[in-house]
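Student: Generate coordinates for the sequence data below:
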Amino acid sequence: MNGPDLIPFPEHGDEPAPARTEGSRRRRAWIIACALVAALAVAAVALVHAVDRPEPAPSVVRGSSAPSTATGSVTLRVLPGLPPTPSTADPGVPAASSTGLSDTDRQVAALVDADPGLRDALGGGDRAARAVRQLCGLFDRDPGKAASDVHAAVHRMGWSDHPGRNAAYVELLEQALPIACPEHGDAVDDARHDRVPLVVDDGTWLVPQPHSSPFELRVSIVPGTYRLAGPAVDCYWERTAPDGTMREQRFAHDEPEASVTVLATDAVFISRGCGRWVRAR
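Tutor: Model prediction:
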């Protein structure tokens, strides 16, 4: 027969723990309360910073290469052109100043201001005249890039996400380039008839699809065969299908030349460390 459970007697050398005093219990409770308050304060500050943190602005690199726009982990190369132009009818938008315009600029500005449709779509004659002057300068520095930008605008792949503004920009170039830089006065006609050697630089380029959005068209590459303007040194490129399947993946360590054919059925063309590609006509 088992007896009742007994409290074990402490073995030799063991001493019973002294009972906590009321003061020690109060100190322990006070320390725990302070720790909880501090943790809540830190969490509140972190939450405020997370809510107030501004969205990162897309990085724009001006020069021979196109601006880059970060989209997740992919950097898309955006075709350059005119900066977005607010309508002159927008309240609070000051009119562009006429200072710093040459006689040629004033001719272009007068041409635009005489057409209400062009004036409203492009933000005024002065702004449009400066854009034309900028494009003429690009023709002098980098003719291939300038011709490609005109081609992109003509084929609704450049400058503005707004179709009306893009069409107005093409009309502006058609009328103003013969005035501002006559040697490039046929640039729009050449683009319409695909008489220009298109160029693309390193970046991620989308192949136009029937459902492409206006922004996607601005980062598009025209299908065709492209050749590197120089040797391929540590040059990587790839082509992918719409379902993500890799169709071509190459790394050229040191080759005198390289070429790639971008198909209309491709989805994306990526180039890293290669430099400039020129489409064969």
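
Student: Where does pLDDT dip in the stretch 1-150 of the chain?
Tutor: Along the stretch 1-150 of the chain, the model assigns pLDDT under 70 to residues 1-24, 42, 44-99.

Student: ok, 90 please
Tutor: Per-residue confidence of the stretch 1-150 of the chain (counting by pLDDT under 90) places the weak regions at 1-101, 121-122, 145, 148-150.

Student: which neighbours does the helix or strand harbouring Y236 have in its sheet, and in what orientation?
Tutor: Here Y236, judged by DSSP states H and E, is contained in strand 232-240. For strand 232-240, sheet partners with direction are given as strand 246-255 (antiparallel), strand 268-272 (antiparallel), following DSSP bridges.

Student: Select, out of these, the one closest to R25.
Tutor: Each of the strands paired with strand 232-240 has some distance to R25 by C-beta to C-beta; the shortest is strand 268-272, at 65.9 Å. Yep, even glycine has a C-beta here, placed from its N, CA and C like the rest.

Student: Identify each buried residue in that closest one, please.
Tutor: V268, F269, I270, S271 (16 or more other C-beta atoms under 10 Å).

Student: picking that back up, for V170, find the nearest of the strands paired with strand 232-240.
Tutor: With C-beta to C-beta as the criterion, V170 lies closest to strand 268-272 of those, at 25.0 Å.

Student: what sits up against that closest one?
Tutor: For strand 268-272, contacts defined as C-beta atoms under 8 Å, 6 or more residues apart in numbering pick out 200-207, 221, 235-240, 260, 262, 277.

Student: Type out the ChimeraX command that picks the buried ones from those.
Tutor: What follows is the ChimeraX syntax for the buried subset of the contacts of strand 268-272, where burial is set by 16+ other C-beta under 10 Å:
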select :200,201,202,203,204,205,206,207,221,235,236,237,238,239,240,260,262,277
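
Student: returning to that earlier point: any chance of the buried residues of strand 268-272 in TSV, with pLDDT and distance to V37 too?
Tutor: Output for those, formatted as TSV (pLDDT from 0 to 100; distance: C-beta to C-beta, whole Å):
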residue	pLDDT	distance to V37
V268	95	52
F269	97	57
I270	97	52
S271	97	55
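
Student: Specify the next element, helix or strand, located C-terminal of the helix or strand harbouring A128.
Tutor: For A128, the element it lies in under DSSP H and E is helix 125-141. The element immediately downstream of helix 125-141 (helix or strand, assigned by DSSP H and E) is helix 143-154.

Student: about what we covered before: of the buried residues of strand 268-272, which pair is most distant in space?
Tutor: Spatially, the most separated pair among the buried residues of strand 268-272 is V268 and S271, at 10.7 Å (C-beta to C-beta).

Student: Quick one: list the elements packing against the helix or strand where V170 lies.
Tutor: When secondary structure is defined by DSSP H and E, V170 falls within helix 163-180. Helix 163-180 makes packing contacts with helix 103-113, helix 116-122, helix 125-141, helix 143-154, helix 187-192 when contacts are defined by 3 or more C-beta pairs under 8 Å, 6 or more residues apart in numbering; DSSP states H and E.

Student: quick one, which of these is packed in tightest?
Tutor: Mean neighbour counts were compared across the helices and strands packed on helix 163-180 using mean count of other C-beta atoms under 10 Å; the top stretch is helix 143-154, at a mean of 23.

Student: Just the C-alpha atoms of that one, please, in CSV.
Tutor: As requested, the backbone C-alpha atoms of helix 143-154 are provided in CSV (Å, rounded to 0.1, in the frame of the first residue of the first chain):
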residue,chain,number,x,y,z
PRO,A,143,23.8,60.9,-85.0
GLY,A,144,22.9,57.2,-84.5
LYS,A,145,21.3,57.9,-81.1
ALA,A,146,19.4,61.0,-82.4
ALA,A,147,18.1,59.1,-85.4
SER,A,148,17.0,56.2,-83.2
ASP,A,149,15.1,58.6,-80.9
VAL,A,150,13.3,60.2,-83.9
HIS,A,151,12.4,56.7,-85.1
ALA,A,152,11.1,55.8,-81.6
ALA,A,153,8.9,58.8,-81.6
VAL,A,154,7.6,58.2,-85.1
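
Student: Now for A110: which residues touch it?
Tutor: Neighbour list for A110: G125 [criterion: C-beta under 8 Å, 6+ apart].

Student: any idea how far it lies from G125?
Tutor: As judged by C-beta to C-beta, to the nearest Å, A110 and G125 stand 6 Å apart.

Student: For E238, name its beta-bridge partners.
Tutor: On DSSP bridges, the residues paired with E238 through beta bridges are Q249, I270.
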